[in-house]
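Undergrad: sequence-free structure coming up:
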């Protein structure tokens, strides 16, 4: 019988979905080999990586020859294939549906709006040397604020976590996205005590792994403080 190859994960620590997948792998103890892909150097455009993902995006996993892209699909696959604690992706159909609901909603809301703030405030000025467009940033922040209103009222409500009393994949994806503006030393939750308390619970549950995987983002934050 052929020996099983270890799961490979291709990622960039500045990619929010990459961080979510990497944290999940580390916290669940799923054996894996880490393959960094430096987006800032264009490594995602290499012929080798493009064969894995023609979209030239991270994360990507290769599980014994099986290639999978898109963070939500990757997390669902890992949570259902491997023997991990059920709280991540509950077996109960209604509880799982609530996690799926968040993951279906977040692409055009939390992910889009938090990313836009980061792009406008960090990436564009660094890549182009152009001054920050304050008008565009203020509009993006207003849109993000509306999304945070829905996140708090529709999903978190008075629960400990987004989908109930225990942390799930939804919380993992959400916190990685909401951390991104921190790269400009911007805490987008600073005036939202309920969401701050939620963030603290998630970070506490994820422990040192959370800080390790966010180390590069923390470096950007520290530079922005200077």
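TA: Received it, and whenever you're ready, just let me know what you need. Every value quoted in this text rests on a predicted model; they were computed, and no experiment measured them. Residues are numbered from 1 along each chain as shown.
Undergrad: and the contacts of the worst-scoring helix or strand of the chain on mean pLDDT?
TA: When each helix and strand of the chain is scored by mean pLDDT, DSSP states H and E, helix 124-128 comes last, with a mean of 91. The list of residues contacting helix 124-128 from outside it, by Cβ atoms under 8 Å, 6 or more residues apart in numbering, reads 130, 131, 132, 133. Where you see a C-beta, it was placed from the backbone N, CA and C, and this is true even at glycine.
Undergrad: out of those residues, list just those in helices.
TA: Judged by DSSP state H, helices contain none of the contacts of helix 124-128.
Undergrad: if we can go back for a sec, which other helices and strands does the helix or strand following the least confident helix or strand of the chain contact?
TA: The helix or strand immediately downstream of helix 124-128 is helix 134-150, counting by DSSP states H and E. In terms of contacts (3 or more Cβ pairs under 8 Å, 6 or more residues apart in numbering; DSSP states H and E), helix 134-150 is packed against helix 110-118.
Undergrad: re earlier: what's the offset of the least confident helix or strand of the chain from the middle of its chain?
TA: Distance of helix 124-128 from the chain centroid (Cα atoms, centre = their mean, to the nearest Å) equals 22 Å.
Undergrad: same thing with stretch 69-86?
TA: Centroid displacement of stretch 69-86 relative to its chain, using Cα atoms, centre = their mean, is 14 Å.
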